[in-house]
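Colleague: heads up, no residue letters with this:
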Ligand code: ADP
Ligand code: MG
């Protein structure tokens, strides 16, 4: 059994069947990519995994426990963290303060903007934050204000804010969307480094096949809300059904 099991999940928006009957099993410590053309249901599926949407049918379990009906912060506490398409950081705080906020939230089970001042000086949390920033190669930028970071560094910071919560499963929604090739390659390297340093499972929604084939061990292709194929990257490359699903799509 995988660390994440999605069984027969369906979701309608009015008359539109966004997810038909989705089955997905993500193996522990693997990198699993979910790909598919625009409108295939990728974001809808992700939202069902993190408590933003409740499916109409089916089940979603993480480490054997159902995530359905739980609030996003509860799912987060179960060990699932999500990196958003647009980095969600506190622009007017420093890099270091940004990383301390989730440490505080995790420890106290609450999210407070005054967290930064109240945790200042607490050495365990400072040490944790420093370790994570070193992991994502941002220690030298810890005093910079987040707003002044490059797009790639904002993504690194957001990754640090996720990792500091020590998730078992990291969900990434198009982590390289809108990035220049250099930043994309940087992100690929970062994810490889993260993977090499810790036991973590990654599920990546991605449009860029270069990213998918650089990182994924398994790939699920979604089309019109239904998994078309699930296989290894080598078998997915040139698969006639995949070609069909992507016909006319720009990547
Ligand atoms: P993808 O992420 O693969 O591009 P989405 O999951 O965003 O696809 O969308 C799947 C389908 O569901 C699309 O047709 C989209 O227009 C529709 N959809 C997504 N969210 C909503 C919503 N909140 N209300 C109505 N329709 C939606
Ligand atoms: Mg989407």
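Modeller: All right, it came through fine. Predicted, not measured: the structure shown is a model, and the values here were computed from it. Numbering: from 1, shown residues only. Ligands and ions are numbered 1, 2, ... in the order given.
Colleague: Next, count neighbours for residue 151.
Modeller: 13 (other Cβ atoms under 10 Å). Using the backbone N, CA and C atoms, a C-beta is placed for each residue, glycine as well.
Colleague: got the contact list for it?
Modeller: Contact analysis of residue 151 by Cβ atoms under 8 Å, 6 or more residues apart in numbering lists 178, 179, 183.
Colleague: With residue 150 instead?
Modeller: Per Cβ under 8 Å, 6+ apart, neighbours of residue 150: residue 183.
Colleague: Tell me how far residue 209 lies from ligand 1.
Modeller: Using Cβ to the nearest ligand atom, to the nearest Å, one gets 15 Å for the distance from residue 209 to ligand 1.
Colleague: And for residue 14?
Modeller: 7 Å.
Colleague: host element of residue 196?
Modeller: helix 181-197 (DSSP states H and E).
Colleague: how distant is that helix from the center of its chain?
Modeller: 14 Å (Cα atoms, centre = their mean, to the nearest Å).
Colleague: next structured bit after it?
Modeller: Following helix 181-197 toward the C-terminus (DSSP H and E): strand 201-205.
Colleague: which other helices and strands contact that following strand?
Modeller: Applying 3 or more Cβ pairs under 8 Å, 6 or more residues apart in numbering; DSSP states H and E, we find strand 201-205 packed against strand 31-35, helix 42-49, strand 169-173, helix 209-215.
Colleague: That one vs ligand 1: in contact?
Modeller: No: Strand 201-205 is not in contact with ligand 1 by Cβ under 6 Å from any ligand atom; minimum separation 7.1 Å.
Colleague: could you give me the average pLDDT of that strand?
Modeller: When pLDDT is averaged over strand 201-205, the result is 96.
Colleague: likewise stretch 154-163?
Modeller: On average, stretch 154-163 scores 89.
Colleague: got a list of contacts for it?
Modeller: Contacts to stretch 154-163, defined as Cβ under 8 Å, 6+ apart, come from residues 81-84, 87-89, 95, 98-99, 101-102, 132-133, 135-138, 146, 149, 170, 175, 179, 183, 187, 190, 194, 198.
Colleague: In strands, which of those residues fall?
Modeller: 81, 82, 83, 170 (DSSP state E).
Colleague: what's the burial count for the second one?
Modeller: Put plainly, it is residue 82. Number of residues near residue 82 (other Cβ under 10 Å) recorded here: 23.
Colleague: where does the stretch 1-150 of the chain come near ligand 1, residue by residue?
Modeller: 13, 16, 18, 36, 38, 39, 40, 41, 42, 43, 44.
Colleague: Can you name the two of these that sit furthest apart?
Modeller: 13 and 36 (16.9 Å; Cβ to Cβ).
Colleague: So for these two, which residue has more residues nearby?
Modeller: Remark: of residue 13 and residue 36, residue 36 carries more neighbours, 25 against 10, as counted by other Cβ under 10 Å.
Colleague: Low-confidence stretches in this protein?
Modeller: Applying pLDDT under 70 to the chain flags residues 84-87, 104-122, 245-251.
Colleague: Which residue does it have closest to ligand 2?
Modeller: residue 43 (3.2 Å; Cβ to the ion).
Colleague: Wait, that residue touches residue 206, no?
Modeller: No: with contact defined as Cβ atoms under 8 Å, residue 43 does not reach residue 206; the gap is 12.0 Å.
Colleague: Those two: which is more packed in?
Modeller: Neighbours around residue 43 and residue 206, counted as other Cβ under 10 Å, are more numerous at residue 206. The numbers are 25 against 17.
Colleague: Can you report how many residues lie near the nearest residue to the more buried one once chain neighbours are set aside?
Modeller: Leaving aside its sequence neighbours, residue 206 sits nearest to residue 212 (Cβ to Cβ, 6 or more residues apart in numbering; 5.1 Å). Counted with other Cβ under 10 Å, residues neighbouring residue 212 total 20.
Colleague: picking up where we left off before, now the buried members of the contacts of residue 151.
Modeller: 179, 183 (16 or more other Cβ atoms under 10 Å).
Colleague: All good on my end, thank you.
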